[in-house]
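In: Generate coordinates for the sequence data below:
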Amino acid sequence: MNSTYLGIDLGTSAVKMVLIDERKRVIGQSSREYEISHPFAGWSEIDPQVWFDCMMEGLKEVLEGQEPETVRTIGITGQMHTLVLLDEKGGPVCPAIMWNDKRTKDLIPELKERMSAFPEGEYLSGIVSTGSPAANLCWLGRERPEELRRCRHFLIGPDYLVYRLTGKAGTDYCEASTSSLYQIEARRWSEEVRELLGIPEEIYPPIHGSAQPVGTVLPQIAGMLGLGREVQVIAGTGDNPAAALSTGCLGQGYPVLSLGTSGVLMAPVHSLEETAKGKVILYSSDAEQFSYLVQGVVQSNGDSVSWWARKILGRSDYGELTGELEPGEAAASSLLFYPHLSGDKTIYADAELRGSFIGLSTDTTAEEMSYAVMEGLCFAFRELGEAMRLPIARCGGLKVVGGGAKNPLWMQTLANILEVRIEKMEGMIGPAFGIALLAWGMKDGRVSLQELAQDCLRVEKNFEPQPELVPVYREKYEKYLRIHDAVKYIENGGNGQGLV
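Out: Residues are numbered from 1 along each chain as shown. Just a heads-up that it's a prediction; the model follows:
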């Protein structure tokens with residue numbers, strides 16, 4: 001009997017399931033959407049039970065018509081940073097605080113200052129931001145101390161689903177290293193940060209390699225799904241490393257841009273010294289061999305598109321909004337869009353940064369504005385790559401995945417602005433497939449990252465820079481770079497701050 005492998009991706013707005021066979025072919029998939037709660041301005045939270053219920057519904061669907069008893073291993077990935085507190089009975093103490101929650105924005109300057117005062121604190125102070133587990137634990141200690149006192153374990157988003165399936169609490173090196181609670185070089189939870197936040201050591205989860213088994217599926221759940229008695233659940237990892245596995249970024253060493261709710265640019269690096277802007281992920285499949293993945297983010301990528309298309313224009317198909325525009329025609333517009341609608345984490349570390357249209361006139365059309373949104377995001381990715389000092393050009397091109405990659409005009413514009421070949425990837429790629437591959441990779445007891453994505457990687461289409469348009473976009477990019485200081489100057493009341 002052939003074995004099968006399940007990958008589960010706990011996303012911001014939906015949980016996705018992928019079932020693959022021994023040949024790494026997708027033989028089933030499903031998804032379930034859910035709503036995030038926003039009880040106050042800047043807050044973003046959800047009852048973790050909603051995740052579990054949606055996961056179980058999706059698993060029943062993906063296994064329907066299959067042979068559930070052939071499932072050998074389950075891998076779980078998902079949103080990074082999202083914080084879950086469990087009480088002594090294993091139930092949620094409070095709603096999960098999402099990665100994009102901004103309730104801690106007033107605490108961040110103080111945390112950065114205090115973290116920078118101890119060894120390795122300079123790095124931690126540079127990555128702590130709204131949504132960081134460290135920031136959210138600090139907020140809970142000050143605003144909801146009774147909830148923090150009830151906590152017996154804290155977990156990061158997808159760790160909760162691992163816990164519900166196995167009854168075992170844990171996390172992986174990715175989730176730990178991006179929490180602002182962990183010292184990457186020392187490979188341990190930061191005692192200094194723990195004391196700074198005043199949280200007990202016993203609530204920290206144990207750390208596993210992402211492919212290491214945490215436990216087996218609980219008998220009651222296995223029975224509900226028709227699974228065998230010894231189905232292993234691996235520790236899993238964050239969605240960005242999982243996507244990096246499915247695209248070959250981690251195993252084969254090239255940069256990848258993922259165009260989802262946020263736009264994530266990631267690349268493997270050999271040491272911390274190579275990094276500039278960006279958050280470093282410590283990755284290990286087996287807790288023995290380690291590698292670094294650096295990621296930077298344009299926070300409002302898909303959110304910018306959704307805001308413009310759905311909220312402003314009331315349309316669901318963004319591709320229709322740009323009509324029959326050609327890159328040359330679109331590039332001629334003087335309209336500029338600044339896409340940081342919900343702040344910035346990597347380039348400016350400014351949660352208060354906001355977006356804008358510049359150059360509007362009575363002749364401006366909806367089609368022109370729709371293209372400007374797309375173009376502004378491309379300029380943001382160029383600025384992000386430069387801030388991270390990633391040698392994209394030396395790699396010969398940039399592989400692009402995610403929903404935005406389906407738009408040919410977007411991909412051609414990206415090639416023209418980044419001045420590199422854009423490779424739009426084909427097939428089932430992304431976090432759910434990546435974590436299913438990692439589960440598959442454990443079939444022989446040891447994972448080879450180089451082998452995981454072999455035979456799965458295909459370039460659907462290449463987009464080369466158009467030489468006649470590159471100078472046009474260079475000139476527009478220089479104007480784009482001046483928007484930040486101008487916006488901050490206006491926000492600061494014209495007192496001189498923000499202009500240089």
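
In: you'd agree residue 183 is up against residue 189?
Out: Yes: in this structure, residue 183 is within contact of residue 189 by CB atoms under 8 Å, at 7.5 Å. Backbone N, C-alpha and C define where each C-beta goes, glycine included.

In: got any residues that touch both of the two?
Out: Applying CB atoms under 8 Å, 6 or more residues apart in numbering, one finds that no residue jointly contacts residue 183 and residue 189.

In: Quick one: residues contacting the closest residue to residue 98 other than its chain neighbours.
Out: Leaving out its chain neighbours, the residue that sits closest to residue 98 by CB to CB, 6 or more residues apart in numbering is residue 44, at 4.0 Å. Listed by CB under 8 Å, 6+ apart, the contact set of residue 44 reads 36-38, 97-98, 100-102.

In: Name the nearest of those residues relative to residue 345.
Out: Proximity of the contacts of residue 44 to residue 345 (CB to CB) peaks at residue 100, which lies at 9.8 Å.

In: Next, find the distance separating the closest residue to the closest one other than its chain neighbours from residue 380.
Out: In space, residue 100 comes closest to residue 44 once its chain neighbours are excluded; the distance is 5.2 Å by CB to CB, 6+ apart. The spacing between residue 44 and residue 380, counted by CB to CB, to the nearest Å, is 22 Å.

In: longest helix anywhere in the chain?
Out: helix 366-388 (DSSP state H).

In: Let me see the mean pLDDT of that helix.
Out: The average of the pLDDT scores along helix 366-388 is 95.

In: Which neighbouring elements make contact with the host helix or strand of residue 196?
Out: Here residue 196, judged by DSSP states H and E, is contained in helix 191-197. Applying 3 or more CB pairs under 8 Å, 6 or more residues apart in numbering; DSSP states H and E, we find helix 191-197 packed against helix 108-115, helix 121-127, helix 133-143.

In: How far does that helix sit from its chain's centre?
Out: 26 Å (CA atoms, centre = their mean, to the nearest Å).

In: now swap in stretch 60-77 and tell me
Out: 25 Å.

In: Could you give the number of residues near the closest residue to residue 277 other than its chain neighbours?
Out: Closest residue to residue 277 apart from its sequence neighbours, by CB to CB, 6+ apart: residue 387 at 4.0 Å. By other CB atoms under 10 Å, the residues close to residue 387 number 16.

In: Residue most distant from the centroid, this structure?
Out: For the chain, the largest distance from the centre (CA atoms, centre = their mean) belongs to residue 362, which lies 38.4 Å off.

In: Give me the pLDDT for that residue.
Out: So, for residue 362, pLDDT stands at 95.

In: What are the structural domain limits within the protein?
Out: According to automatic domain parsing, the chain comprises the domains 4-235, 248-500.

In: Look at the residue nearest to residue 98 and report its pLDDT.
Out: 97.

In: Sort out which residues of the longest helix of the chain are buried, please.
Out: By neighbour count on 16 or more other CB atoms under 10 Å, the buried set for helix 366-388 is 367-385, 387-388.

In: Summarise which helices and strands whatever helix or strand comes next after it is packed against.
Out: Sequence order places strand 398-402 as the next helix or strand after helix 366-388, per DSSP H and E. Other elements packing on strand 398-402 under the criterion 3+ CB pairs under 8 Å, 6+ apart are helix 239-247, strand 256-259, helix 408-418, strand 422-426.

In: average pLDDT for strand 398-402?
Out: For strand 398-402, the per-residue pLDDT averages 88.

In: Now tell me what touches it from outside.
Out: Residues contacting strand 398-402 (CB under 8 Å, 6+ apart): 243, 247-249, 254-260, 263, 392, 411, 414, 418, 420-425, 429-430, 459.

In: related to what we said a few turns ago, make JSON lines out of the helices and strands packed on helix 191-197 and add mean pLDDT.
Out: Converted to JSON lines, the helices and strands packed on helix 191-197 look like this (pLDDT from 0 to 100):
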{"stretch": "helix 108-115", "mean pLDDT": "94"}
{"stretch": "helix 121-127", "mean pLDDT": "87"}
{"stretch": "helix 133-143", "mean pLDDT": "97"}
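
In: Tell me which of those helices sits most buried.
Out: Most buried of those, by mean neighbour count (mean count of other CB atoms under 10 Å): helix 133-143, with a mean of 22.

In: Run the chain-centre distance for it.
Out: Relative to its chain's centre, helix 133-143 lies at 22 Å (CA atoms, centre = their mean).

In: Pull the CA coordinates from the helix or strand just after it and hand them back as PDB.
Out: Using DSSP H and E, the helix or strand that follows helix 133-143 in sequence is helix 145-150. Below are the C-alpha coordinates for helix 145-150, written out as PDB (Å, rounded to 0.1, in the frame of the first residue of the first chain):
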ATOM      1  CA  PRO A 145      -1.600  40.300  33.900                       C
ATOM      2  CA  GLU A 146      -4.300  37.900  35.100                       C
ATOM      3  CA  GLU A 147      -4.300  36.200  31.600                       C
ATOM      4  CA  LEU A 148      -0.600  35.900  31.600                       C
ATOM      5  CA  ARG A 149      -0.600  34.300  35.000                       C
ATOM      6  CA  ARG A 150      -3.100  31.700  33.800                       C
END
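
In: and helix 145-150, how far from the chain's centre?
Out: Distance, centroid of helix 145-150 to centroid of chain: 29 Å (CA atoms, centre = their mean).

In: Can you spell out which helices and strands pack onto it?
Out: strand 83-86, helix 133-143.

In: Not counting it itself, show me its contacts.
Out: Under CB under 8 Å, 6+ apart, the answer for helix 145-150 is 85, 87-88, 93-94, 137, 140-141, 199.

In: so where do the helices sit in the stretch 201-350 of the chain?
Out: 219-225, 239-247, 249-252, 302-306, 318-321, 327-331 (DSSP state H, counting those that start in this stretch).

In: If you count neighbours, what's buried in the last one?
Out: Meaning helix 327-331. 327, 330-331.

In: do you know how far the residue nearest to residue 277 is from residue 253?
Out: Counting by CB to CB, the gap from residue 387 to residue 253 is 21 Å.

In: Over to residue 477?
Out: 28 Å.

In: what's the answer for residue 453, then?
Out: Per CB to CB, residue 453 is found 12 Å from residue 253.

In: quick one, which of those two is more surrounded?
Out: Neighbour count, other CB under 10 Å: between residue 453 and residue 253, residue 453 has more, with 22 against 15.

In: leaving aside the residues next to it on the chain, what's closest to residue 9?
Out: Distance criterion CB to CB, 6+ apart; nearest residue to residue 9, sequence neighbours excluded, is residue 432 at 3.7 Å.

In: and stretch 152-161, how far out from the chain's middle?
Out: 17 Å.

In: and it, which residues are buried?
Out: 153-161.

In: In TSV, list those along with distance to residue 26, pLDDT and secondary structure.
Out: Supplementary listing: the buried residues of stretch 152-161 in TSV, determined by distance: CB to CB, whole Å; pLDDT from 0 to 100; DSSP: H, G, I helix; E, B strand; the rest coil:
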residue	distance to residue 26	pLDDT	secondary structure
153	34	95	strand
154	34	97	strand
155	28	98	strand
156	26	97	strand
157	24	96	helix
158	20	97	helix
159	25	98	helix
160	25	98	helix
161	20	98	helix
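
In: got a list of what residue 27 touches?
Out: Applying CB under 8 Å, 6+ apart, the residues contacting residue 27 are 4, 19-21, 66.

In: now residue 60
Out: By CB under 8 Å, 6+ apart, the residues touching residue 60 are 224-225.

In: Check the one 5 residues further on too.
Out: Shown here is residue 65, whose contacts under the criterion CB under 8 Å, 6+ apart are residue 28.

In: And it, how far from residue 142?
Out: Counting by CB to CB, the gap from residue 65 to residue 142 is 51 Å.

In: and what of residue 425?
Out: Between residue 425 and residue 142 the computed distance is 44 Å (CB to CB).
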